[in-house]
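give me the fold of what follows.
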Amino acid sequence: MMTLENWQTLMQAFGFNENREMFHALLTAHTVRGRHYHSDEHISACLGHLEGVKGQVKDWKMLALAFWFHDAIYKPFSATNERDSADWAMQFLKDNGASQDQIDRIDALIMATCHNAQATDSDMQILIDIDLSILGARPNVYDQYEKNIRREYRRVPGFLFRKKRKELLRMFLEQPKIYGSDYFHDQLEEQARINLSKAIEDL
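Purely as a prediction, here's the structure:
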């Protein structure tokens, strides 16, 4: 969950101060008006999934921090959301005296949440899979996700939204594997393909 308690636990794992101001800044960023999917609920869901596979990852704290920041800056019509969010996370680590390896790593992890990114290691693959876990959610949860995405892009004319949305969903559906890790492939792959196929038909 995106709570102060969980943030403090993460800060302790890094050996940082509490950084309460950053917690409140991130919470505010994820709860501004207009965030219907890329919100605190999405971050909490990602952190929940991460907790469930904590024993399968090598560096839990880096993945957790990446989730806290990966959608911190989100503007529906911007092509630099991931870049801007990664820059914010890198500056945060610099301000807290993190190593250059950690700074470079957070950059790579957040940039991996771009839809066309390829994982370079198992931790990064799990991060990508968790970010896409909504695709394999229960049908009613997935349907609400599609509605929330449309609300975020409400200013886009219907015909254009449907065209672009179908292109994106087909991109996922045409991949040999939507989920690259064994765990999430086994858990979510089949349902994700059902959800995507239905969403494309509905569009």
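
give me the most central residue, the protein.
D131 (3.8 Å; C-alpha atoms, centre = their mean).

can I assume that one is in contact with A45?
No. Using C-beta atoms under 8 Å, D131 makes no contact with A45, being 9.9 Å away. From N, CA and C alone the C-beta is placed, and that goes for glycine too.

domain map for the chain?
Following automatic domain parsing, one finds the domains of the chain at 1-131, 137-203.

measure the shortest one end to end?
By C-alpha to C-alpha, to the nearest Å, the extent of domain 137-203 from end to end equals 19 Å.

repeat for the longest one
Counting by C-alpha to C-alpha, you get 15 Å between the two ends of domain 1-131.

just how off-centre is stretch 176-185 within its chain?
Chain-centre distance of stretch 176-185: 16 Å, with C-alpha atoms, centre = their mean, to the nearest Å.

so who does N96 touch?
14, 16-17, 19 (C-beta atoms under 8 Å, 6 or more residues apart in numbering).

actually Q187, sorry about that
Going by C-beta under 8 Å, 6+ apart, Q187 touches 136, 179.

let's go with 10 Å and repeat that
49, 52-53, 129, 133, 136, 179, 181 (C-beta atoms under 10 Å, 6 or more residues apart in numbering).

now which of those residues would you call buried?
49, 53, 129, 133, 136, 179, 181 (16 or more other C-beta atoms under 10 Å).

and the two most separated of those residues?
V53 and G136 (14.3 Å; C-beta to C-beta).
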